[in-house]
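Trainee: using only what follows, build the 3D model:
(one chain, ligands or ions: 3)
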Amino acid sequence: KYENILVPDPFSLVQKELQFISDRMRVAVQTDLPALANAAEYFFKYGAEGKRMRPTVLLLMASALSPVSNSGDVVRGGGEDVGRRMSSGDAFSSSSFRSSRNSAEEETVDLSPAHEVPSDNRQRQRRLAEITELIHVASLLHDDVLDGSATRRGLRALNLEVGNKLAILAGDFLLARASVTLASLRNVEVIELLSRVLEHLVKGEVMQMTQAKDEDERSGSGSSSSSSSSSSSSSSSIERYIEKSYYKTASLIGNSAKAVALLGGHSSETSEIAERFGRHLGLAFQFRDDVLDYIGDSSLLGKPTLGDLREGIATAPVLFAAEKFPELHSLIKRRFKEIGDVERAAKLVFESDGIEMASDLANEHRNLALDALEELPDIDCEFANTCRAALREITNRAVDRKK
Ligand code: FPP
Ligand code: MG
Ligand code: MG
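Mentor: Ligands and ions are numbered 1, 2, ... in the order given. Below is the predicted model:
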């Protein structure tokens, strides 16, 4: 069907707007307390920004749904969007500057304060992408404390730089700034969606932390009904792994994609499709990540393999392997903490079809994400269709990647 569509590079399609968002974030994390400012800006500096996968997907989704030109300008039919131009730093004129990669262009970056109500839909969608990235980075700061990580994005982890306490507080601060920006969107449904994501991130992390205990309760006492607190006590390990992955990874991108659609003024049907796309993309990405932790090239990945086993975490490959080698259950329960456990578990994973089944799971969700894109209402705009092709490309890369 898409034979004669050139595969676009997803990141270069949105490069200019991505730059605007990065510039905005650098301002969003400023504060007059130097210790806090230093910690908060750590991962927003040039070169420390990571792949910015989430803002890229969200900007592409915004453009995939609306007829806009490459520069982000509305070309037609945009209702209140028509004539949108970035106001050149009216409220923030002292700090308004040209986007660093954009010196030849007239457009200047919008650096209006976080609480100020954005002027149009595209601005609102950009702010949503900014909020999503702020939440993501906040979760990474907290994650690195919980995991005791030493590196992140090729840098020393912030917890090593400033200590656990300030790293946690910097994460809280990013969430606070994200909240103010979220309020500026004046959209209660979107506020609710993103607030639920925060709950999901915490739940995913706690599910991962208590996985071994759950495993024990389930396999130990059969289908005992005494633990009515856990709704998932009757589900399989794989089902709970998928649920955890949704909370930890897919909810943020799924609900943000839905929010971008709502902020673009699209129907609830279209917004649900956007959510479904983001959710399955997030799941596919996480499942591939968990496979790469076993089969990846550590020099490409920038971290040693089998990290999950070493951290005591059972992901899809070992959970599937346990169906063939039940002795793995006791290793999972004790979080691979006895001498030789990690090596034994890895050996059994490679002797089973765990890697293949986990890869199938990633593929299944890749296809569900691609299906969702197909269900978006047809649009008669070349750039929107190019952005859809870019979303397909990102989806395929999420699962075919080696790092
Ligand atoms: C990275 O996972 C971590 C996450 C995707 C979410 C972490 C969430 C929390 C710490 C809950 C607190 C939430 C907020 C909003 C502050 P990983 O450790 O598997 O991956 P890594 O290799 O990138 O460290
Ligand atoms: Mg971690
Ligand atoms: Mg973690």
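Trainee: for this protein, which residues are neighbours of ligand 2?
Mentor: For the chain, the contact set with ligand 2 under Cβ under 5 Å from the ion comprises Asp143, Asp147. Where you see a C-beta, it was placed from the backbone N, CA and C, and this is true even at glycine.
Trainee: where in the chain is the helix or strand with the lowest mean pLDDT?
Mentor: helix 211-220 (a mean of 71; mean pLDDT, DSSP states H and E).
Trainee: show me which residues of the stretch 101-250 of the chain sit near ligand 1.
Mentor: 135, 138-139, 142-143, 146-147, 149, 171, 175, 198, 201-202, 205, 248-249 (Cβ under 6 Å from any ligand atom).
Trainee: filter those to the buried ones?
Mentor: Buried members of those, counted by 16 or more other Cβ atoms under 10 Å: 135, 138-139, 142-143, 149, 171, 175, 198, 201, 205, 248-249.
Trainee: please, which helix or strand holds the closest residue to Leu185 other than its chain neighbours?
Mentor: Nearest non-adjacent residue to Leu185, counting by Cβ to Cβ, 6 or more residues apart in numbering: Arg124, 5.4 Å away. Using DSSP states H and E, Arg124 maps to helix 121-147.
Trainee: what packs against that helix?
Mentor: helix 15-28, helix 53-65, helix 158-162, helix 164-184, helix 188-209, helix 251-263 (3 or more Cβ pairs under 8 Å, 6 or more residues apart in numbering; DSSP states H and E).
Trainee: so which of those helices comes closest to ligand 3?
Mentor: Ligand 3 sits nearest to helix 188-209 of all the helices and strands packed on helix 121-147, at 6.8 Å, using Cβ to the ion.
Trainee: buried sites along that closest one?
Mentor: Here helix 188-209 shows Val190, Leu193, Leu194, Val197, Leu198, His200, Leu201, Lys203, Gly204, Glu205, Met207, Gln208 as buried, counting by 16+ other Cβ under 10 Å.
Trainee: show the pLDDT at the last one.
Mentor: Okay, so that is Gln208. For Gln208, the pLDDT comes out at 96.
Trainee: let me know the helix or strand that the closest residue in space to it that isn't next to it in sequence is in.
Mentor: Leaving aside its chain neighbours, Gln208 sits nearest to Lys244 (5.7 Å; criterion: Cβ to Cβ, 6+ apart). In the assignment (DSSP H and E), Lys244 maps to helix 237-245.
Trainee: can you pull out the strands in the stretch 251-400 of the chain?
Mentor: With DSSP state E, counting those that start in this stretch, there are no strands along the stretch 251-400 of the chain.
Trainee: what number of residues lie near whichever residue of it sits closest to ligand 3?
Mentor: Closest residue of the stretch 251-400 of the chain to ligand 3, Cβ to the ion: Glu311 (7.4 Å). Applying other Cβ atoms under 10 Å, we find 15 residues neighbouring Glu311.
Trainee: tell me the confidence at the closest residue to it other than its chain neighbours?
Mentor: Excluding the flanking residues, the one nearest Glu311 by Cβ to Cβ, 6+ apart is Asp147, at 6.7 Å. For Asp147, the pLDDT comes out at 92.
Trainee: one more: the one 10 residues further on?
Mentor: According to the model's per-residue confidence, Ala157 sits at a pLDDT of 94.
Trainee: for it, list the residues it contacts.
Mentor: Asp144, Ser149, Ala150, Thr151, Ala167 (Cβ atoms under 8 Å, 6 or more residues apart in numbering).
Trainee: give me every residue that touches the fourth one.
Mentor: Contacts were defined as Cβ under 8 Å, 6+ apart; by that measure Thr151 touches Ala157, Gly302, Lys303.
Trainee: now do 7 Å
Mentor: With contact taken as Cβ atoms under 7 Å, 6 or more residues apart in numbering, Thr151 is in contact with Ala157.
Trainee: mind checking how far it is from Glu311?
Mentor: In this view, Thr151 and Glu311 are 15 Å apart by Cβ to Cβ, to the nearest Å.
Trainee: for the stretch 301-403 of the chain, which residues are neighbours of ligand 3?
Mentor: Counting by Cβ under 5 Å from the ion, the stretch 301-403 of the chain has no residue next to ligand 3.
Trainee: do you know how far Ser256 is from Gly282?
Mentor: For Ser256, the distance to Gly282 - Cβ to Cβ - is 10 Å.
Trainee: same question, Lys303
Mentor: In terms of Cβ to Cβ, Lys303 sits 20 Å off from Gly282.
Trainee: ok, Ala390 next?
Mentor: Using Cβ to Cβ, Ala390 is found at 17 Å from Gly282.
Trainee: what do you get for Lys16?
Mentor: 25 Å.
Trainee: the two - which one has more neighbours?
Mentor: Remark: of Lys16 and Gly282, Gly282 carries more neighbours, 28 against 18, as counted by other Cβ under 10 Å.
Trainee: list the contacts of the closest residue in space to Ser268 that isn't next to it in sequence.
Mentor: Distances taken as Cβ to Cβ, 6+ apart place Leu262 nearest to Ser268, at 7.9 Å, with adjacent residues excluded. Remark: with contacts taken as Cβ under 7 Å, 6+ apart, Leu262 is in contact with Asn187, Glu189, Val190, Ser271.
Trainee: could those residues go into JSON lines alongside distance to Leu373 and pLDDT?
Mentor: Below are those laid out as JSON lines (distance: Cβ to Cβ, whole Å; pLDDT from 0 to 100):
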{"residue": "Asn187", "distance to Leu373": "24", "pLDDT": "97"}
{"residue": "Glu189", "distance to Leu373": "23", "pLDDT": "98"}
{"residue": "Val190", "distance to Leu373": "22", "pLDDT": "98"}
{"residue": "Ser271", "distance to Leu373": "14", "pLDDT": "98"}
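Trainee: ok, so of those residues, who is nearest ligand 1?
Mentor: For these, the closest approach to ligand 1 (Cβ to the nearest ligand atom) belongs to Val190, at 16.7 Å.
Trainee: gap between the closest residue to the closest one other than its chain neighbours and Asp289?
Mentor: Leaving aside its chain neighbours, Val190 sits nearest to Ala259 (4.5 Å; criterion: Cβ to Cβ, 6+ apart). Distance, Ala259 to Asp289, by Cβ to Cβ: 24 Å.
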